[in-house]
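Participant: next input, structure requested:
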Amino acid sequence: MVKITEKDRFISILNREEVDRISIACPLQTGTVEMMEATNVFWPEAHYSPEMMAELSYAAHKLAGIESVRVPFCLTVEAEILGCKIGNGGKKSQPSVLESALTTIDEFNSLSVPDPTKDGRMPTVAKSLRILKDKVGDTVPLIAGVVSPFTLAGHIRGIDNLLLDFFDNPEDVVNLLNFCCEVCISYSQYLGDNGADCISLVEPSATSEVIGPKYFQEYASPYIKKVIKNLEVPTILHICGNTVPILSFMGDTGVNGISIDHVVDLSEAKDKIRKTALIGNINPVDPLLFGPVDQIVEQSLLCVEKGVDILAPGCGLSPATPIENIRAMTSLAKRYS
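Facilitator: As a prediction, the model looks like this:
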């Protein structure tokens, strides 16, 4: 019998094909302080070096048993290129957007779609994928994270300003979102060309807790659909918070997998999403960060029993998460078929 690889299992699940067991993968950030100490590769330097990015991201697979490797570790690659002021973070914190790039929404006309072969950190992420592909070949899935159009628009305009623009400048909002969509497509295609097996579209600002179902359908969903239609690799969509009111709309985007926050009940999500792989949704703080291990095992088992397709944290890992705690989650998943 031919042994199924972790990549084969992961891709088959996203394609809704029968597999031997669930996968344990993480479509969001996986870097932790313990992994940094074990590899002697640290933030913030790893955000700017492809070799360091590759080594630290691989540690989540090698040391913690996660059946995927995901780059990068932040949501600022695109925003930085487009003029946002970025804080680099530190050993225990990720980079973040400190200031938006646009004072008025019509200023986006001065922006150009970045060239992913040379602009900002886009080539850094792409080179890290090539390094990782040389290391793992076709055995482990490589996931590349990309900021989805609505959240990117919120980064460069400022989310509060963007929400006001819904009412004051709706045509400019559409134009800005189309621009962000072009950025997302260009960057995602380049990452796919450089070895990404899956694109993880991260859309935290489009949560129903911020814009609600009506505006999600108007200002987020059409642009996610457009990105997905222009990609040749499978896609995962993650939106933070309580996404129950928009889960069916998320499924309608054509995405292969939906990553859900721990606040969403898996049973309810399963009822709303039947054609798309469901990913999640262990609480990344309590118990994954704080433990104890038996509670991590208990919550992991509950996710499996409720029918999750890919077991994962409900959001990115806290940098302070112990490797032992992550292993408790991954080892449980590997025991159940």
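Participant: in the stretch 151-300 of the chain, which spans are strands?
Facilitator: 198-202, 235-239, 257-260, 277-282 (DSSP state E, counting those that start in this stretch).
Participant: packing partners of the longest one?
Facilitator: I take that to be strand 277-282. strand 257-260, helix 266-272, helix 293-305, strand 310-313 (3 or more CB pairs under 8 Å, 6 or more residues apart in numbering; DSSP states H and E). (C-beta placed from N, C-alpha, C; glycine too.)
Participant: what sits up against the longest one?
Facilitator: Contacts of helix 293-305 from elsewhere in the structure, counted by CB atoms under 8 Å, 6 or more residues apart in numbering, are 22, 266, 280-283, 287-288, 311, 324-325, 328-329, 332-333, 336.
Participant: the helix ranked longest in the chain: which residues count as buried?
Facilitator: The single longest helix within the chain, with elements called by DSSP state H, is helix 170-193. Going by neighbour count (16 or more other CB atoms under 10 Å), the buried part of helix 170-193 is 172-173, 176-177, 179-192.
Participant: that helix vs strand 235-239, what angle?
Facilitator: Note on geometry: by axes from the mean of the first three to the mean of the last three CA atoms, to 10 degrees, helix 170-193 and strand 235-239 are set 130 degrees apart in direction.
Participant: could you give the angle of helix 170-193 to strand 198-202?
Facilitator: Interaxial angle of helix 170-193 relative to strand 198-202 (the same axes, to 10 degrees): 150 degrees.
Participant: residues near L63, how many?
Facilitator: 16 (other CB atoms under 10 Å).
Participant: which one is it nearest to, not counting chain neighbours?
Facilitator: Nearest non-adjacent residue to L63, counting by CB to CB, 6 or more residues apart in numbering: I323, 5.5 Å away.
Participant: mind checking how far the one you found is from L28?
Facilitator: Distance, I323 to L28, by CB to CB, to the nearest Å: 17 Å.
Participant: settle it for me: which of these two has more neighbours?
Facilitator: Higher neighbour count among I323 and L28: L28, with 23 against 18, using other CB under 10 Å.
Participant: please report phi then psi for the residue nearest to that one when sequence neighbours are not counted.
Facilitator: For L28, ignoring the flanking residues on the chain, the nearest one in space by CB to CB, 6+ apart is G316 at 3.8 Å. Main-chain dihedrals, G316, degrees, to the nearest 10: phi -60, psi 150.
Participant: I am finished for the moment; much appreciated.
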